[in-house]
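J.: using only what follows, build the 3D model:
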Amino acid sequence: MDLKDIQRHIDQEMNKQNNRSIPEFEGYSPLEMHKILHFTFAKDSPLEMQKLSNTDYKTIPILNQIKYLTDLIDKNGEIKLTNKGFLPTKIVSELYNQGFLKDEHIDKGISKLYKETDSMTVNLTRILIELAGLTKKRNGKISLTKSSQKILRDNEELLRQIFLTFTNKFNWAYYDGYGENQIGQLGYGFSLILLSKYGQTKLLDSYYAEKYFRAYPKLLDSLEPTYGTLEKYASRCYSIRIFDRFLDYFGLIRIEEEKKGLDSIKYITKTELFDRLIKVRPHNRVDGR
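T.: Sure, this is the predicted structure:
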C-alpha cells in the first residue's frame with residue numbers, strides 16, 4: 001500500500017466518522033451538526049426557511065411590531081430620540097398599545113410604561129431594526145436607511161433578515177440574569193429541529209432542555225446557579241431564552257403555564273405556522289443504506 005492509498009483510507013475513515021449518526025444529535029452527524037450550528041439556513045443544512053403567505057406574515061408578532069415602528073419612522077421622515085438615545089415616550093406608548101408583543105409585568109400592573117426601557121419588547125424592537133441595518137442614527141435622530149426601503153416592502157426578505165439578526169447578532173443574555181453565556185442561542189437550529197420533531201405534542205419545556213444539553217453538555221460549565229440544582233437552573237435559562245423570548249415572539253409556539261405551588265409548569269407546542277416556515281430534513285445517510 002503506497003502513501004496515496006494510505007491517505008485515501010484515512011480520508012474514507014474520517015468521512016465515515018464525520019457522517020455517522022449520533023444519538024445525542026437526534027441522529028444527525030457531526031458534519032450536519034456543524035452546519036446546524038454555524039450555517040443554520042445554508043443550502044446544505046438540514047434546515048430551510050420557507051416563504052409564507054401574506055396572511056401568515058400578519059400573524060408574526062415581532063415582524064409586525066417592527067413594521068409598525070419602521071412605518072412610523074417613514075411617515076415622520078425621522079424621529080428625535082431622547083438624550084440617552086431611546087425612543088420618545090409618545091412613540092413607546094403608541095407602539096406598545098398596538099398589542100403585537102406584551103410585557104407581563106406591565107400588563108399585570110407591577111410596573112408602568114413610561115420610557116422605552118420599561119418595555120423589553122419595545123426596547124428589543126428598536127435594537128433589532130438598528131442591528132438589521134434598517135435604520136441609522138444621526139444627530140440624535142433615527143431614520144430609515146436607503147437599503148431598508150426595498151426590504152420593508154418584501155415580507156419574506158424582512159422576516160429572514162430579522163430572524164437572522166435576532167439569532168446571530170443580538171445577545172440573548174442581554175435581558176436576563178443568567179450570565180454571559182451562549183445557552184439557547186448557540187445551536188438554536190437544533191432547538192428548531194426538536195420542535196419540528198416533537199412539537200405537535202404538548203410537552204414540558206424541560207423535555208427540550210434535556211435534549212439540548214445532551215447535545216451541548218459543555219454549556220453547563222458556563223453556569224453558576226444562584227438557586228436550585230444546576231440542571232433546573234440551566235433548564236430555566238434555556239426555556240426563557242428559546243421559548244419566551246424567541247420562538248413565542250415569532251409566533252412559532254404556544255406556551256401554556258400551570259401554577260404548582262410557588263412554581264409554574266410550562267408546556268410547549270408548535271403552531272401551524274412553524275411547519276409552514278421551518279422545513280427540516282432528516283439525517284442524510286451517505287453510505288447509501
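J.: and Leu220, what is it in contact with?
T.: Leu220 makes contact with 213, 230, 234 under the criterion C-beta atoms under 8 Å, 6 or more residues apart in numbering. Every C-beta, even on glycine, is put in place using the N, C-alpha and C of the backbone.
J.: in a helix, it, correct?
T.: Yes: counting by DSSP: H, G, I helix; E, B strand; the rest coil, Leu220 falls inside a helix.
J.: residues in contact with the helix or strand harbouring Glu130?
T.: Remark: Glu130 resides in helix 120-131, with elements defined by DSSP states H and E. Residues outside helix 120-131 that contact it (C-beta under 8 Å, 6+ apart) are 62, 65-66, 69-70, 86-87, 92, 95-96, 101-103, 116-117, 135, 137, 142, 162, 165-166, 169-170, 175, 245, 249.
J.: same deal with stretch 143-155?
T.: Contacts for stretch 143-155 (C-beta under 8 Å, 6+ apart): 52, 54, 57, 63, 67, 70, 73-74, 77-79, 133-136, 157-158, 161.
J.: give the buried subset of those residues as a PyMOL selection command.
T.: Buried members of those, defined by 16 or more other C-beta atoms under 10 Å, are picked up in PyMOL with:
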select buried, resi 52+57+63+67+70+73+78+79+134+135+158+161
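J.: thinking again about what came up before, ok, of the contacts of Leu220, which come out buried?
T.: The neighbour count (16+ other C-beta under 10 Å) marks 213, 234 as buried among those.
J.: nearest to Phe274 among the contacts of Leu220?
T.: The nearest member of the contacts of Leu220 to Phe274, counting by C-beta to C-beta, is Phe213 at 22.1 Å.
J.: what sits against that closest one?
T.: So Phe213 contacts 219-220, 231, 234-235, 238 (C-beta under 8 Å, 6+ apart).
J.: one more time with 10 Å, if that's ok
T.: 24, 183, 219-220, 230-231, 234-235, 238 (C-beta atoms under 10 Å, 6 or more residues apart in numbering).
J.: can you name the two of these that are farthest apart?
T.: Glu24 and Leu230 (18.5 Å).
J.: using CSV, lay out the contacts of Leu220 together with pLDDT.
T.: Formatted as CSV, the contacts of Leu220 follow (pLDDT from 0 to 100):
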residue, pLDDT
Phe213, 97
Leu230, 94
Ala234, 96
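J.: in the stretch 151-289 of the chain, where is pLDDT below threshold?
T.: 261-262, 285-289 (pLDDT under 70).
J.: helix, strand, or coil at the nearest residue to Asn284 once chain neighbours are set aside?
T.: Counting by C-beta to C-beta, 6 or more residues apart in numbering, Asn284 lies nearest to Glu32, which is 6.9 Å off, once chain neighbours are set aside. Classification of Glu32 using three-state DSSP returns helix.
J.: Leu223: neighbouring residues, count only.
T.: Neighbour count of Leu223, defined by other C-beta atoms under 10 Å: 16.
J.: I'd say it and Asn181 touch.
T.: Yes: using C-beta atoms under 10 Å, Leu223 makes contact with Asn181 at a distance of 6.5 Å.
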